[in-house]
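**Q** need coordinates for the following:
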Amino acid sequence: MENVDAQRIAAEPLPPEPVRPIDLGRRCLGAVRLPLAGPYRPWARLVRGSDGRLVWLVRLWEHDRPVVRLVETETLRAYARASRLPALAAALDALLARAGSAEEP
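**A** Predicted structure coming up:
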């Protein structure tokens with residue numbers, strides 16, 4: 001058995017875990033910034049899944065790493081209303097209108 005220096009191992013940084021993209025057979029139709037807290041403004045990307053459904057992908061921090069979340073449009077609209085962000089609500093609606101008029105390839 002090999003003698004291992006525990007202090008040396010404890011001081012070594014852990015390798016970062018890569019954030020693996022979620023493959024939903026999606027196609028990005030546009031994005032808006034979400035003003036969540038001060039300078040923290042993650043992108044909300046509108047995507048059309050392989051089933052044709054429109055959802056938003058938002059990369060949020062959880063503890064020590066980013067996590068990609070699927071968010072419904074109504075959740076983002078409720079956030080915009082509660083936070084009194086009419087510009088965000090207008091940007092959401094504009095992207096949804098453009099996505100609705102876009103033809104499937």
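**Q** going forward, measure contacts between C-alpha atoms and count neighbours the same way
**A** Will do.
**Q** on contacts alone, who are the packing partners of whichever helix or strand residue 97 is part of?
**A** Element membership for residue 97, per DSSP states H and E: helix 86-101. In this structure, helix 86-101 packs against strand 27-33, helix 73-82, with contacts taken as 3 or more CA pairs under 8 Å, 6 or more residues apart in numbering; DSSP states H and E.
**Q** and the longest one with helix 86-101, angle?
**A** Interaxial angle of helix 73-82 relative to helix 86-101 (axes from the mean of the first three to the mean of the last three CA atoms, to 10 degrees): 160 degrees.
**Q** with the first one instead?
**A** Strand 27-33 and helix 86-101 are oriented at 170 degrees to each other (the same axes, to 10 degrees).
**Q** got the buried residues for strand 27-33?
**A** Residues of strand 27-33 classed as buried by neighbour count (16 or more other CA atoms under 10 Å): 29, 30, 31, 32.
**Q** contacts for it?
**A** With contacts defined as CA atoms under 8 Å, 6 or more residues apart in numbering, strand 27-33 is touched by 41-49, 88, 91-92, 95, 99.
**Q** make it 10 Å
**A** The contact list for strand 27-33 (CA atoms under 10 Å, 6 or more residues apart in numbering) reads 40-50, 54-58, 88, 91-92, 94-96, 98-99, 102.
**Q** give me the buried entries from those residues.
**A** Of those, these count as buried by 16+ other CA under 10 Å: 42-49, 54-58, 88, 92, 95-96, 99.
**Q** so which of these are in helices?
**A** In helices, defined here by DSSP state H, the members of the buried ones among the contacts of strand 27-33 are 88, 92, 95, 96, 99.
**Q** for the helices and strands packed on helix 86-101, which one sits closest to residue 64?
**A** Of all these, it is strand 27-33 that lies closest to residue 64, at 21.3 Å by CA to CA.
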